[in-house]
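K.L.:
Pasting a predicted model and its sequence here:
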Amino acid sequence: MKVTQDDVQRRIESFEQVCHSRGAKLTHQRLEIFREVLESGDHPDAERVFHGVRRRIPTVSLDTVYRTLWWLEDLGLVTTLGLSRERARFDANLGRHHHFVCTRCGLTRDIHSDAFDSLDLPDSVKTLGHAESIQVEVRGLCIQCAACDDPGAKKQGRGKDL
């Protein structure tokens, strides 16, 4: 999903307000790390955020990126995707949406669905507690990875390894 400059500006203003209201120090590095996640649109992992921020701030450390991403998550400014804390992906889009994840290359994209938004929880979930949100993660092969599995793809010039 392409993030518009209006979205970027609105979310950065929200970021600044949250930091101010919670007495959290707003540093240039923290702002650039948040901006990298925000502008990405493809749910980067910490290492990808690090490489993006490092182009603008060569002195930033990977440790700073990791600590800041988890700090942003604690503040409620990003959410995480996936199960592994070491390879978690970060998402600054806090609006209602779901995800498509390619199980081969890791491509992750936002998807929107009224049907997913209106899912009824089964009673078994309700007996466990009160759900605050529902987020569907659709897993499968992206178009490029699926084309690599298509025997005719390489002959027609659609395969990755041409």
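P.N.:
Nice, thanks for sending it over.
K.L.:
who's in contact with Gln29?
P.N.:
Taking CB atoms under 8 Å, 6 or more residues apart in numbering, we find Gln29 in contact with Val53, Ile57, Val60, Thr64, Thr68. To be clear about C-beta, it is placed using only N, CA and C from the backbone, and glycine gets the same treatment.
K.L.:
what about it, distance to Ile111?
P.N.:
32 Å (CB to CB, to the nearest Å).
K.L.:
Can you tell me, leaving aside adjacent residues, what's nearest to Val3?
P.N.:
Gly41 (5.3 Å; CB to CB, 6 or more residues apart in numbering).
K.L.:
Need phi/psi at the one you found.
P.N.:
Gly41 adopts backbone torsions of phi 80, psi -10, taken as degrees, to the nearest 10.
K.L.:
May I ask you to confirm that it is in contact with Lys2?
P.N.:
Yes: using CB atoms under 8 Å, Gly41 is in contact with Lys2, at 6.0 Å.
K.L.:
Settle it for me: which of these two has more neighbours?
P.N.:
Gly41 (17 against 6; other CB atoms under 10 Å).
K.L.:
per-residue confidence at the more buried one?
P.N.:
Per-residue confidence at Gly41 stands at 75 (pLDDT).
K.L.:
measure it to Ser118 for me?
P.N.:
With CB to CB as the criterion, Gly41 and Ser118 are 25 Å apart.
K.L.:
now Thr4
P.N.:
Thr4 is 26 Å from Ser118, by CB to CB.
K.L.:
Helix, strand, or coil at Cys19?
P.N.:
helix (DSSP: H, G, I helix; E, B strand; the rest coil).
K.L.:
Number of residues surrounding it?
P.N.:
If you count neighbours by other CB under 10 Å, Cys19 ends up with 18.
K.L.:
How about Lys25?
P.N.:
6.
K.L.:
so who does the closest residue in space to Leu38 that isn't next to it in sequence touch?
P.N.:
Among residues not flanking Leu38 along the chain, Ala92 sits closest, at 4.1 Å (CB to CB, 6+ apart). Ala92 is in contact with Arg11, Phe34, Val37, Leu38, Ser40, Leu77, Val78, counting by CB under 8 Å, 6+ apart.
K.L.:
Same check on Cys142?
P.N.:
Contacts of Cys142 by CB under 8 Å, 6+ apart are Phe100, Cys102, Arg104, Cys105, Leu107.
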